[in-house]
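> sequence and predicted structure below; questions after.
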Amino acid sequence: MKRFFLLFIGIQLLLFGVELLKPVQEHVVLPFTAQLARLCSALISISDKSALAVGKVLIDRATGFAVSIEPGCNGVEACIVLFAAIVAFPARWRDRLVGLAAGFAAVQALNVVRIISLFYLGQWNREWFEFAHHYLWQGLIMLDVLVVFLVWARYFPQRLATAHAA
């Protein structure tokens, strides 16, 4: 347990440090965030043609309301926490890679729901938007990270250990 905790903290420090580097922000994080805004705009446009993505900003052309997807809102930091937990956990690398891919997809899928819900909530009620943005969704995203990690940690190593014992 001590080994896991120390690795978990060390990997997070390393990944957060790398994420903060200017070239990583410019060439990885910002383009990823812009893609996230485009994805949200495309999904909204299925039923509401007023959504438009401009860089990392999601705009409603009808109302002029916009949300800017800033660091901490793009799911990158949540993925770093999840990745650190999965990599620190004693498992085979193949299992870790499955966990990383599935975890990234789970966190980003919920984050898309988060962004779209905040996009509409902000147009409806600013107070509820602020509450949901700063408290509700922050907790739900981190709960998603925890649940994904716990499901992965329980399913993969145990399933594989059982399969090898048979």
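Done, it's in. In this text the structure is predicted, and so the values were computed from the model without any measurement.
> any weak-confidence spans in the protein?
Applying pLDDT under 70 to the chain flags residues 157-166.
> strands of that one, residue ranges please.
Along the chain, the segments classed as strands by DSSP state E run 51-54, 57-60, 66-68.
> what does the shortest one contact?
Put plainly, it is strand 66-68. Strand 66-68 is contacted from outside by 56-60, 115, 118-119, 122, using Cβ atoms under 8 Å, 6 or more residues apart in numbering. From N, CA and C alone the C-beta is placed, and that goes for glycine too.
> make a markdown table out of those and add neighbour count and distance to F104.
A markdown table is the format used below for the contacts of strand 66-68 (neighbours: other Cβ atoms under 10 Å; distance: Cβ to Cβ, whole Å):
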| residue | neighbour count | distance to F104 |
| --- | --- | --- |
| K56 | 22 | 19 |
| V57 | 16 | 23 |
| L58 | 26 | 21 |
| I59 | 19 | 27 |
| D60 | 18 | 28 |
| I115 | 23 | 16 |
| L118 | 22 | 21 |
| F119 | 21 | 22 |
| G122 | 20 | 26 |
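> between those, which is closest to Y155?
Of all these, I115 has the smallest distance to Y155: 28.4 Å, by Cβ to Cβ.
> with adjacent residues omitted, what lies nearest to that closest one?
Distance criterion Cβ to Cβ, 6 or more residues apart in numbering; nearest residue to I115, sequence neighbours excluded, is C40 at 4.9 Å.
> number of nearby residues for the one you found?
23 (other Cβ atoms under 10 Å).
> correct me if wrong: it contacts S117.
No. If you go by Cβ atoms under 8 Å, C40 and S117 don't touch, sitting 10.3 Å apart.
> the helices in the chain, which residues?
2-19, 22-24, 30-45, 76-88, 93-124, 126-131, 137-165 (DSSP state H).
> of all those, which lies closest to E70?
helix 30-45 (8.2 Å).
> what packs against that closest one?
Other helices and strands packing on helix 30-45, by 3 or more Cβ pairs under 8 Å, 6 or more residues apart in numbering; DSSP states H and E, are strand 51-54, strand 57-60, helix 93-124.
> now do the buried residues in the last one.
Meaning helix 93-124. Within helix 93-124, the residues that count as buried by 16 or more other Cβ atoms under 10 Å are 95-96, 98-100, 102-104, 106-108, 110-111, 114-116, 118-119, 121-123.
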